[in-house]
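S.K.: Sequence plus the predicted model coming up.
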Amino acid sequence: MAEKYYAGIDVGSHSTEAVIIDDNKQQLSFSIIDTGLDGNAAAENALNLALAKIGINRENLNGIVATGYGRANVTNAGKQVTEITCHATGAHHIFPQAGTVIDMGGQDSKVIHIDENGQLVDFVMNDKCAAGTGRFLEVMAKRLGSDLDQFGNLALLSEQAVPISNTCTVFAESEVVSLLAKNHPRDQIIRGLHQAIVDRIWAQSQTVGIHGAVIMTGGVALNQGVIQLLEDKLKCELLVPPQPQIVGALGAALIAHRNFR
Amino acid sequence: MKDVGAPALIGLRELTRKKRSRSQSQLFGPPLECTNRLKEIMTRHYYLARFATGAKPVAWVTSGAPVELLRSFGFYTIYPENHGALVGAKKQGAAMCSIAESAGYSPDLCSYARIDLAHTLSGKTPTGRLPKPDLLFASNNICQTITYWFKAISYHYNIPLILFDTPYNYTELAQTDINYMVEQLQQMIPILEQASERKFNNSKFAEIVGRARETSLTWGAILATMRNSPAPMTIFETFFHLAPIVSLRGLPVAHDYYQILLTELEERVRDGIGATSREVKRLMWDNIAIWYKVRDHSIQFAEQGMNFVTATYTNAWAETTQHLDINNPFESMAKTYSLVILNNNLDYRLKLMQRLIQEYQVDGLVIHSARSCKPYSVGQYDIKRKLYQELKIPAVIIDGDITDERAYSDEQTKTRLDAFFEILGN
């Protein structure tokens, strides 16, 4: 009998990820691409890329689950599930002790409380504002002439932070320009920006509470500055999966496994 | 006189008849027959309002004001909040708000206030025309914004503002507070006599208080029919059927209407007719309606087999009326209007919600964090956490606004609601 495979696709505002797992829930392959303008095309491309890596044909997939903002437009998915449930499912699979999942993606951030079975109990998301998201960091990194993947490390170079009073991305950018004009050290401004984002996600986390082990997912989990400052603020260790961006897609693949076996 | 201002009834008609596709109409039970009668009543109310100036003394009144006293002097009453709801349901909220904003009012101000100020400044209204007020009658039992909003209107028209000040109940309502409120009510009489050119008539006043009590008790009985499963009405319908108890309270027309509605609902309960075809989960709504989204939400939840069976908002006009007493009208009015949900501490609100959850067998809670209504939206995260801890009731908070659709994001709300459906489906 042919092996069965399951796919999860997470179409986010910034990037699209696909994950393939087998019947034993083992992750076999993943892909990450830019979403671009066409979410459905991005979903197709990400899926084909992940399949090609392990030489599996589309026909061998038992089921596909789509998640993320573009989930409704993924025409080949058998089911659509929110990224909230998918991050919860993916995080629980990697870290069964998970009680809280902090997901910071391109345009939203969320704190998710899950029970011992990985089921969603409660969640909170940012309001209609990009502050506290990957987009905020991206805009600021660009303004301060840093590569995004180095931005977090720069925040840790200085012990001192210049306080950033605006959490609005647009206003914070103006504030940064003004701080640079006043000759504030760049590293301290960068640390201040990271502190602002951490303070915001911390406040969000307090509304659902911190339960059990805390897992950090989403692209922002690659930022060491955010991780370290958030650990200091929460006074606990954050567990970060090897590829934090694909946890949503992994969760979607696991839900496909549950639904389409 | 098509569509003359039946508050949000245009939305209700859409909700029950027009525009619903075949598949959508299968989601709901047969529409309530009373809806047409409701539309007639509210249309007539706004239509007659056009000709009230000069014929009757006109007052603009807030939803939590002790209107019974005013009615005994024969005032024709307009409720700017009700008018705001109408504007919102017609999706004209943002356009109206921007008129007020262009005059310098902050976008952070309550959108009911901005709409009312916009109407005052521009005369624009979907009702055709609202009568110019001779007097303003407000109570700060629902918010503090009212005070300054009505002061601005008072300044604009150069007319008196009567403000009924209800001290906030941090704990229990004290007798000293009751005395303070009774004194205010009594001090209003000579001012109202002067404005209306009528003498105060105690027996007429008592009659109106008695009728308001009966009407509110009937409204309570109407809501209580929704304790049945399936519930004979959705909360989205009650948002509209609320109009008479808010803005015609104390008048025979409101009293009579609710008798008819109650009879119809009792028949539906007897015949097992539900408002939605499938009622798998029963929900509670917190805060004022998102007027421009009522129809969309009613479909979205019905598709999931979920029906809203209670709301803190609609319950507000049934909750405290048992205190009204024709033998002691002043003191009983003070209690009635002081004990409303927004003039009470969070512990009171929590206990109220716990009681509603139990009485209506609620499975989940949708909390609208309304940008306009700070007093209603404060403490919602604490309440959500407490209700989960104590009753294991899952809840979701959606950000929005009562009438300003610019403060609402469809996509963000959809993700939150979908996740909430996933929690309830577990």
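M.R.: Yes, it's here. Because the structure is predicted, anything quoted here is derived from the model rather than measured.

S.K.: and residue 112, what does it touch?
M.R.: No chain in the question, so chain A it is. Taking Cβ atoms under 8 Å, 6 or more residues apart in numbering or on different chains, we find A:Ile112 in contact with A:84, A:87-88, A:91, A:100-103, A:120, A:122-123, A:208. Every residue, glycine included, has its C-beta placed from N, CA and C.

S.K.: actually chain B
M.R.: Per Cβ under 8 Å, 6+ apart, neighbours of B:Tyr112: B:80-81, B:84-85, B:372, B:402-403.

S.K.: Which among those residues count as buried?
M.R.: B:80-81, B:84-85, B:372, B:402-403 (16 or more other Cβ atoms under 10 Å in any protein chain shown).

S.K.: hang on, the earlier thing: let's see which of the contacts of B:Tyr112 end up in helices.
M.R.: B:80-81, B:84-85 (DSSP state H).

S.K.: Now tabulate those residues in a markdown table and tack on distance to B:Gly274 and pLDDT.
M.R.: Shown next, in a markdown table, are these (distance: Cβ to Cβ, whole Å; pLDDT from 0 to 100):
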| residue | distance to B:Gly274 | pLDDT |
| --- | --- | --- |
| B:Pro80 | 35 | 97 |
| B:Glu81 | 30 | 96 |
| B:Gly84 | 31 | 97 |
| B:Ala85 | 26 | 96 |
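
S.K.: Tell me the one of these nearest A:Cys168?
M.R.: Taking Cβ to Cβ as the measure, A:Cys168 sits nearest to B:Gly84 out of the ones in helices among the contacts of B:Tyr112, at 28.0 Å.

S.K.: ok, that closest one touching B:Ile115?
M.R.: Yes - with contact defined as Cβ atoms under 8 Å, B:Gly84 counts as touching B:Ile115 (4.5 Å).

S.K.: Residues that sit against both of the two, list them.
M.R.: B:93, B:403.

S.K.: Tell me the confidence at A:Met1?
M.R.: Per-residue pLDDT puts A:Met1 at 49.

S.K.: Now do the SS call for B:Pro131.
M.R.: coil (DSSP: H, G, I helix; E, B strand; the rest coil).

S.K.: The contacts of A:Ile112 also near chain B: which ones?
M.R.: A:84, A:120, A:122-123, A:208 (Cβ under 8 Å from any Cβ of the partner chain).

S.K.: Include neighbour count when you put those into CSV, please.
M.R.: Shown next, in CSV, are the ones next to chain B among the contacts of A:Ile112 (neighbours: other Cβ atoms under 10 Å in any protein chain shown):
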residue, neighbour count
A:Ile84, 28
A:Leu120, 25
A:Asp122, 22
A:Phe123, 27
A:Val208, 20
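
S.K.: Sort out which one of the residues you listed lies nearest chain B for me.
M.R.: A:Ile84 (4.0 Å; Cβ to the nearest Cβ).

S.K.: In contact with that closest one, which residues?
M.R.: A:110, A:112, A:120, A:123, A:125, B:415, B:419, B:422.

S.K.: what about the nearest residue to it once chain neighbours are set aside, helix or strand, and which?
M.R.: Excluding the flanking residues, the one nearest A:Ile84 by Cβ to Cβ, 6 or more residues apart in numbering or on different chains is B:Ala419, at 4.0 Å. Using DSSP states H and E, B:Ala419 falls within helix B:410-425.

S.K.: Now do that helix: distance to the chain's middle.
M.R.: Averaging C-alpha coordinates over helix B:410-425 and over its chain gives two centres that are 26 Å apart (Cα atoms, centre = their mean, to the nearest Å).

S.K.: same check, this time on stretch B:195-214
M.R.: Centroid separation for stretch B:195-214 versus its chain: 23 Å, with Cα atoms, centre = their mean.

S.K.: Same check on stretch B:117-131?
M.R.: Per Cα atoms, centre = their mean, the centroid offset for stretch B:117-131 relative to its chain is 20 Å.

S.K.: can you list the residues that contact that stretch?
M.R.: B:3-5, B:46-47, B:49-53, B:58, B:76, B:78, B:80, B:83, B:86-87, B:90, B:92, B:96-100, B:103, B:105, B:149, B:152-153, B:156-157.

S.K.: Show me what the mean pLDDT comes to for that stretch.
M.R.: 96.

S.K.: what's the answer for stretch B:313-333, then?
M.R.: In the prediction, stretch B:313-333 has an average pLDDT of 94.

S.K.: Can you give me the buried ones in that stretch?
M.R.: B:313-321, B:323-326, B:329-333.

S.K.: show me the contacts for the residue of chain B found nearest chain A.
M.R.: Distances between chain B and chain A by Cβ to the nearest Cβ are smallest at B:Ala419, namely 4.0 Å. Contacts for B:Ala419 (Cβ under 8 Å, 6+ apart) come out as A:82, A:84-85, A:120, A:123, B:396.

S.K.: Share the number of residues neighbouring the closest residue to B:Ala103 other than its chain neighbours, please.
M.R.: Nearest residue to B:Ala103, sequence neighbours excluded (Cβ to Cβ, 6+ apart): B:Leu121, at 5.6 Å. Counted by other Cβ atoms under 10 Å in any protein chain shown, the residues lying close to B:Leu121 total 15.

S.K.: and B:Leu121, that one's in a helix?
M.R.: Yes - the assignment for B:Leu121 by three-state DSSP puts it in a helix.

S.K.: Isn't B:Tyr408 up against B:Lys414?
M.R.: No - the criterion here is Cβ under 8 Å, and B:Tyr408 misses it with B:Lys414 at 11.2 Å.

S.K.: and the two? which has more neighbours close in?
M.R.: B:Tyr408 (21 against 15).

S.K.: contacting residues around that one?
M.R.: Here B:Tyr408 is in contact with B:290, B:292-293, B:399-401 (Cβ under 8 Å, 6+ apart).

S.K.: Output these in JSON lines; the columns should cover secondary structure and pLDDT.
M.R.: Formatted as JSON lines, the contacts of B:Tyr408 follow (DSSP: H, G, I helix; E, B strand; the rest coil; pLDDT from 0 to 100):
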{"residue": "B:Ile290", "secondary structure": "coil", "pLDDT": "97"}
{"residue": "B:Tyr292", "secondary structure": "helix", "pLDDT": "97"}
{"residue": "B:Lys293", "secondary structure": "helix", "pLDDT": "97"}
{"residue": "B:Asp399", "secondary structure": "strand", "pLDDT": "93"}
{"residue": "B:Gly400", "secondary structure": "strand", "pLDDT": "95"}
{"residue": "B:Asp401", "secondary structure": "coil", "pLDDT": "97"}
